[in-house]
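S.K.: task: produce atomic coordinates for the following.
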Amino acid sequence: MIRKLGISFASALLVLAGAVSAEAATSANQNVTFTVPPTVSITSGGDVAAGNVTVANDFGGSFTIGSNDAAGFSISTKATNATTTESGTCTPTASFAAAKVTVSVQAVGGMTGGTAGTPAAPAPYTTTGASMFTTNPTAVGPAIHMTSVYHLDPANFSPNTAGCSYSFATVWTIAAL
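M.R.: Numbers count the residues shown, from 1 in each chain. A predicted model of the protein is given here:
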């Protein structure tokens with residue numbers, strides 16, 4: 001005996017739709033893949049005005065450093081020119097070698113984390129550059145401060161011609177480690 005199934009076509013569609021909706025996902029996963037590169041920056045606080053140098057003395061400059069790199073950074077400096085000649089409203093005659101100026105830094109400060117580094121001993125300037133830390137800082141933060149120290153001894157320099165002065169140019173470089 002054959003029985004007819006008493007399901008209408010509309011009922012069958014509703015059953016199928018219910019099965020489909022019962023198996024539909026109610027949540028989904030999605031990954032966001034990205035990198036954050038290490039960034040470091042250095043900004044000068046302005047030129048150092050040493051004035052009339054009559055006795056050996058240290059003169060400080062300031063820098064602001066930004067770093068998100070907990071691995072640390074290195075800082076080096078070099079003289080722009082091997083010889084600096086006086087300039088001004090005179091006929092320049094006096095000059096000096098870059099090595100007559102010594103430079104060092106103090107440990108960095110104002111960081112939100114990391115270490116301040118170990119400054120290297122004062123060293124004569126060269127045009128090839130020198131690292132300023134024996135142990136590089138691992139400091140992080142947006143406004144880390146560093147003081148540069150220039151040692152000037154008037155015995156190392158010829159007196160300026162009237163109307164002239166020296167302007168010793170330096171370049172400071174920061175690099176992520």
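
S.K.: in this protein, which spans are strands?
M.R.: With DSSP state E as the criterion, the chain has strands at 40-44, 57-67, 73-79, 83-85, 87-88, 95-97, 102-105, 118-119, 123-124, 130-131, 133-135, 141-152, 164-165, 170-176.

S.K.: so which of those strands is nearest Ser27?
M.R.: strand 141-152 (38.1 Å; C-beta to C-beta). (Glycine included, C-beta is placed from N, CA and C.)

S.K.: only C-alpha atoms, please: export the closest one in PDB.
M.R.: Only the C-alpha atoms of strand 141-152 are listed here, as PDB (Å, rounded to 0.1, in the frame of the first residue of the first chain):
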ATOM      1  CA  GLY A 141      59.100  57.600  25.100                       C
ATOM      2  CA  PRO A 142      58.000  60.600  23.100                       C
ATOM      3  CA  ALA A 143      60.200  63.300  24.900                       C
ATOM      4  CA  ILE A 144      63.400  61.700  26.100                       C
ATOM      5  CA  HIS A 145      66.000  64.400  26.800                       C
ATOM      6  CA  MET A 146      69.800  64.200  26.200                       C
ATOM      7  CA  THR A 147      72.400  66.800  27.000                       C
ATOM      8  CA  SER A 148      75.500  67.200  24.800                       C
ATOM      9  CA  VAL A 149      78.700  68.500  26.400                       C
ATOM     10  CA  TYR A 150      81.200  70.400  24.300                       C
ATOM     11  CA  HIS A 151      84.600  71.100  26.000                       C
ATOM     12  CA  LEU A 152      86.300  74.200  24.800                       C
END
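
S.K.: can you check the pLDDT for the closest residue to Phe157 other than its chain neighbours?
M.R.: Spatial nearest neighbour of Phe157, chain neighbours left out: Phe96 (5.1 Å); criterion: C-beta to C-beta, 6 or more residues apart in numbering. Among the per-residue scores, Phe96 holds a pLDDT of 96.

S.K.: I'd guessed Phe96 sits against Pro159; true?
M.R.: No: between Phe96 and Pro159 there is no contact under C-beta atoms under 8 Å: 11.1 Å.

S.K.: those two: which has the busier surroundings?
M.R.: Phe96 (16 against 9; other C-beta atoms under 10 Å).

S.K.: fine by me, we can end here.
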